[in-house]
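Next comes the sequence, and after it the predicted model I'd like to discuss.
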Amino acid sequence: MASVPPKQRGNASAVRTMLSNLFRMICVAITFTLVFGQLPLDAIIQIFLIGGGIDPVYLELFMKGYRENLWIAFATAGVSFVISLFLPNDLHRSTKYVFYLSDPEGHEVIEAKDSGSEESSAEEERV
């Protein structure tokens, strides 16, 4: 959020949350498709509506889908790891944080601090 202007942080946060929820929903849809896609309808009704666990006859089909899902998650994490190796090391160190404060006299004090250094600068502006 530090890269977004202060007046747009609410919108940026909402977009970030929406995208996060969207991708979680897609992951759940893929997981259910892989895990329960090979099971017959009677087994799915037994698991979700009636309860009592899964019939041992369908357990191997369930575990096959579950293993496929874990391999896809493992591959996704591996690809993400390899991509992160190629990112620059100082990507987050050069971020500049800006704080807006008001003093008792009504002046707005803007303090900008670079996260990679110990220095900070302050400016005063009329509100």
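Thanks, I have it. These figures come from a predicted structure and were not determined experimentally.

packing partners for the helix ranked longest in the chain?
Ranked by residue count and defined by DSSP state H, the top helix of the chain is helix 56-85. The contact analysis (3 or more Cβ pairs under 8 Å, 6 or more residues apart in numbering; DSSP states H and E) places helix 56-85 against helix 9-36. The way it works is simple: take the backbone N, C-alpha and C, and place the C-beta from them, glycine included.

Low-confidence regions, this protein specifically.
1, 90-127 (pLDDT under 70).

Domain-wise, how is it divided?
Using automatic domain parsing, the domain ranges for the chain come out as 6-85, 96-126.

would you turn the ones you listed into a markdown table with mean neighbour count?
As requested, the domains of the chain are exported to a markdown table (neighbours: other Cβ atoms under 10 Å):
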| stretch | mean neighbour count |
| --- | --- |
| domain 6-85 | 12 |
| domain 96-126 | 11 |
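
So Q46 versus N69, what's the distance?
Distance, Q46 to N69, using Cβ to Cβ, to the nearest Å: 20 Å.

Repeat that for P40.
19 Å.

One more: R9?
Counting by Cβ to Cβ, the gap from R9 to N69 is 36 Å.

what's the answer for R16, then?
26 Å.

F32 now?
From F32 over to N69 (counting by Cβ to Cβ), the distance is 9 Å.

before we move on, what about N21?
Distance from N21 to N69, by Cβ to Cβ: 20 Å.

same deal with S80?
17 Å.

Now G37: phi and psi?
phi -70, psi -30 (degrees, to the nearest 10).

show me what contacts the closest residue to it other than its chain neighbours?
Leaving aside its sequence neighbours, G37 sits nearest to G65 (Cβ to Cβ, 6 or more residues apart in numbering; 6.4 Å). Neighbouring residues of G65 by Cβ atoms under 8 Å, 6 or more residues apart in numbering: 34-39.

In contact with G53, which residues are there?
I47.

sec struct for it, please.
coil (DSSP: H, G, I helix; E, B strand; the rest coil).

What does it show for phi and psi?
Torsion angles, degrees, to the nearest 10, at G53: phi 90, psi -170.
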